[in-house]
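**Student:** Pasting a predicted model and its sequence here:
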Amino acid sequence: MQTKIKNKNRNINYAEAINEALLQSMKLDKKVVVMGLGVDDPKRIFGTTNNLFEVFGKDRVFDMPTSENAITGFAIGMSLGKFKPVLCHQRVEFALLTMDQIINQAAKWFYMNNGQMNVPIVIRLIIGRGWGQGPQHSQSLENLFAGIPGLKVVSPSSAYDAKGMLISSIADKDPVIFFEHRWLHSTYSQVPNKFYKIPIGKSKIAKKGKDVTIVSSSYMTIESMKASEILKNYYIDAEVVDLRTLRPLDVNPIIKSVNKTKKLLVVDNGWTQYGISSEVITKVTTHKNFDKNIIVSRVGIADTPIPSTRSLAKLCYPDCVDICMQISKILNKNFSGLSSRFKNYRASDTPNKYFTGPF
């Protein structure tokens, strides 16, 4: 078992926060089970399922055959039997084999049964990039799931939010899709040792500012925060809004922010066309309190399948420098020397030297 840490606030990484949320939720509720490919193997899904098998045993922590559609159907059946399954997929693409179960069963069961039966299931989908994973293993497909009524879709960007939102997801009566960006697993923040919840469906101000509003989620919140630091060198004070939940989408903090700054940039973790940024901009610009004079823009992954090579990948993904360059256009300002001055801020294939690969 993990050593109990007495400090109320201590720095742990995102993967450790996920692990702690699972441990504490399973101790609190014997109906919570963890399942999926790799949950009990030596690497334990990047460390997120450490110690679970040792503490709770094979009846509550178990691997499954490589049949994703069957696994998901099994988990849904367990949820209908009053269990609370947490199903883990080490890549979002694996869930593409389960779409009928997720869309036509889990998402619709409550509606089709007139609210008499719930499907309290959490499906962890890991997204990310790097190491030449290319078109089939490094996509950000949040928009596919966020477009389905009956699902809740969360995508926290910090260890603190990851723990609190996973605990809330496990306790929720509805099916929750829980997105984790692989590059976030090694990021640290202050996380209380106690059991706590963060409400699903609430955006937050990650950084206050007055000149421009940047809206993002997941790993792109990290890049947005980096961009806000770079912008200080050009006397630009950016406000950063972290969506945290993609469905239901909370635009109230965004409306309040853009009515102050008069400028909005939405940074998409995936493709901009038909993506999350499209939905954010639509909801914001059609809101009754939206100021029609506000300048609106967006940035995201290039509209192409994800390349495998580093030389092409660095042209595909936006980063903090690209965010700043887009803001320079919004503000009609020349940020001289931006690309060369802050080139060390750019990560093309790995987030840091400690990143040891996708699996």
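**Tutor:** Structure received.
**Student:** roughly how far apart are the residue nearest the centre of the chain and Asn104?
**Tutor:** Nearest residue to the geometric centre of the chain (C-alpha atoms, centre = their mean): Ser155, 2.5 Å. Applying C-beta to C-beta, to the nearest Å, the value for Ser155 to Asn104 is 23 Å. Quick note: C-beta positions are derived from backbone N, CA and C, even for glycine.
**Student:** before we move on, the earlier item: do you know the pLDDT at the residue nearest to the centre of the chain?
**Tutor:** Per-residue confidence (pLDDT) for Ser155: 98.
**Student:** And for Ile255?
**Tutor:** 96.
**Student:** residues touching the residue nearest to the centre of the chain, list them.
**Tutor:** Glu142, Phe178, Phe179, His181, Ser217, Ser218, Leu243, Arg244, Thr245, Leu246, Asn269 (C-beta atoms under 8 Å, 6 or more residues apart in numbering).
**Student:** And the residues you listed, which is closest to Tyr196?
**Tutor:** Of all those, Arg244 has the smallest distance to Tyr196: 14.7 Å, by C-beta to C-beta.
**Student:** how far away is the closest one from Ser155?
**Tutor:** 7 Å.
**Student:** what distance separates stretch 278-287 from the centre of its chain?
**Tutor:** 20 Å (C-alpha atoms, centre = their mean, to the nearest Å).
**Student:** Also stretch 350-359?
**Tutor:** For stretch 350-359 - counting by C-alpha atoms, centre = their mean - the centre lies 18 Å from the chain centre.
**Student:** Burial check on the residue nearest to Gly164 when sequence neighbours are not counted, number of neighbours?
**Tutor:** Closest residue to Gly164 apart from its sequence neighbours, by C-beta to C-beta, 6 or more residues apart in numbering: Ile198 at 3.2 Å. When counting by other C-beta atoms under 10 Å, one arrives at 20 neighbours for Ile198.
**Student:** if I read this right, Ile198 contacts Met165, doesn't it?
**Tutor:** Yes: counting by C-beta atoms under 8 Å, Ile198 touches Met165, with 4.9 Å between them.
**Student:** which neighbours do the two share?
**Tutor:** By C-beta under 8 Å, 6+ apart, the residues touching both Ile198 and Met165 are Pro156, Arg244.
**Student:** and the contacts of Ser155, which are buried?
**Tutor:** Glu142, Phe178, Phe179, His181, Ser217, Ser218, Leu243, Arg244, Thr245, Leu246, Asn269 (16 or more other C-beta atoms under 10 Å).
**Student:** hey, where'd the helices end up in the stretch 1-150 of the chain?
**Tutor:** Assigned by DSSP state H, counting those that start in this stretch, the helices in the stretch 1-150 of the chain fall at 14-28, 52-56, 68-80, 99, 109-112, 142-146.
**Student:** now what about the first one, what contacts it?
**Tutor:** Outside of helix 14-28, the residues that reach it under the criterion C-beta under 8 Å, 6+ apart are 2, 12, 32-34, 46-52, 55-56, 60, 86, 124, 158-160, 162-164, 166-167, 170-171, 180, 184-189, 191, 193, 195.
**Student:** same thing with the shortest one?
**Tutor:** Contacts made with helix 99 from outside it, assessed by C-beta under 8 Å, 6+ apart, are listed as Leu144.
**Student:** now swap in the second one and tell me
**Tutor:** Outside helix 52-56, the residues within contact range by C-beta under 8 Å, 6+ apart are Met1, Asn19, Leu22, Leu23, Met26, Val34, Val39, Asp40, Arg44, Arg60, Val61.
**Student:** so which of those would you say is closest to Met225?
**Tutor:** Of all the contacts of helix 52-56, Met225 sits closest to Asn19, with 24.1 Å by C-beta to C-beta.
**Student:** number of nearby residues for that closest one?
**Tutor:** Asn19 has 24 neighbouring residues, counting by other C-beta under 10 Å.
**Student:** got the CA coordinates for stretch 221-230 in CSV?
**Tutor:** Backbone C-alpha positions of stretch 221-230 (Å, rounded to 0.1, in the frame of the first residue of the first chain) are rendered in CSV as follows:
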residue,chain,number,x,y,z
THR,A,221,-4.0,24.4,-20.9
ILE,A,222,-0.3,23.8,-20.1
GLU,A,223,0.7,25.4,-23.4
SER,A,224,-1.7,28.2,-22.8
MET,A,225,-0.2,28.9,-19.4
LYS,A,226,3.3,28.9,-21.0
ALA,A,227,1.9,31.4,-23.6
SER,A,228,0.6,33.7,-20.9
GLU,A,229,4.2,33.8,-19.4
ILE,A,230,5.7,34.6,-22.8
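**Student:** Can you list the buried residues in that stretch?
**Tutor:** Here stretch 221-230 shows Thr221, Ile222, Glu223, Ser224, Met225, Lys226, Ala227, Ser228, Ile230 as buried, counting by 16+ other C-beta under 10 Å.
**Student:** show me the contacts for the first one.
**Tutor:** With contact set as C-beta under 8 Å, 6+ apart, Thr221 has these partners: Ser157, Ser158, Ala206, Val240, Asp242.
**Student:** per-residue confidence for it?
**Tutor:** 98.
**Student:** And the next helix or strand past the helix or strand hosting it?
**Tutor:** Element membership for Thr221, per DSSP states H and E: helix 219-232. Per DSSP H and E, the first helix or strand lying C-terminal to helix 219-232 is strand 238-242.
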